[in-house]
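Engineer: predicted coordinates and the sequence they were generated for:
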Amino acid sequence: QVQLVESGGGLVQAGGSLRLSCAASGGTFSRYIMAWFRQAPGKEREFVAAISRASSTYYADSVKGRFTISRDNAKNTVYLQMRSLKPEDTAVYYCAAESASVVSRNPEAYDYWGQGTQVTVSS
């Protein structure tokens, strides 16, 4: 059983930056595909970014060029560096882990989830 704990959310002005962290425990971190999703009020949970076991990265078009996902297997942690934030980035951000071999953008493919961290971008 893998436990995921996100941190780093908060309130930031448009154009600002935040770095989210997700610390994993209870499993072999390097064996998991890791991803970030987000969910705004009244909307479905949507894919933001993912990183494979080999550190290949994948992004939603809406964040490409502004967000960077990375992982540190020695620290069992995945990061999401967010720059040039926009009000439409406001959401609860969730970390997720997938034990399959193929990176998926579908939240149903992910086996483990964190509790989420709120990101609010003011205009």
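Structural biologist: Yep, it's here. Residues are numbered from 1 along each chain as shown.
Engineer: can we go C-alpha only for contacts and neighbour counts from here?
Structural biologist: Will do.
Engineer: quickly list what residue 82 is bridged to.
Structural biologist: Beta-bridge pairing of residue 82, defined through DSSP bridges, involves residue 18, residue 67.
Engineer: for it, give me its contacts.
Structural biologist: 17, 18, 19, 20, 66, 67, 68 (CA atoms under 8 Å, 6 or more residues apart in numbering).
Engineer: so which pair among the residues you listed is furthest apart in space?
Structural biologist: In these, the most distant members under the criterion CA to CA are 20 and 66, with 13.6 Å between them.
Engineer: still on that earlier bit, let me have the contacts of residue 82 in a markdown table, extended by distance to residue 59 and neighbour count.
Structural biologist: Shown next, in a markdown table, are the contacts of residue 82 (distance: CA to CA, whole Å; neighbours: other CA atoms under 10 Å):
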| residue | distance to residue 59 | neighbour count |
| --- | --- | --- |
| 17 | 17 | 16 |
| 18 | 17 | 18 |
| 19 | 16 | 16 |
| 20 | 15 | 21 |
| 66 | 10 | 13 |
| 67 | 8 | 20 |
| 68 | 8 | 20 |
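Engineer: CA atoms of stretch 2-10 as CSV?
Structural biologist: Output in CSV follows, covering the C-alpha atoms of stretch 2-10 (Å, rounded to 0.1, in the frame of the first residue of the first chain):
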residue,chain,number,x,y,z
VAL,A,2,1.4,3.4,-1.1
GLN,A,3,0.7,6.5,0.8
LEU,A,4,1.0,9.9,-0.9
VAL,A,5,1.2,13.3,0.8
GLU,A,6,1.1,16.5,-1.2
SER,A,7,2.4,19.9,0.0
GLY,A,8,3.3,23.3,-1.4
GLY,A,9,-0.1,24.6,-2.4
GLY,A,10,-1.3,28.1,-1.5
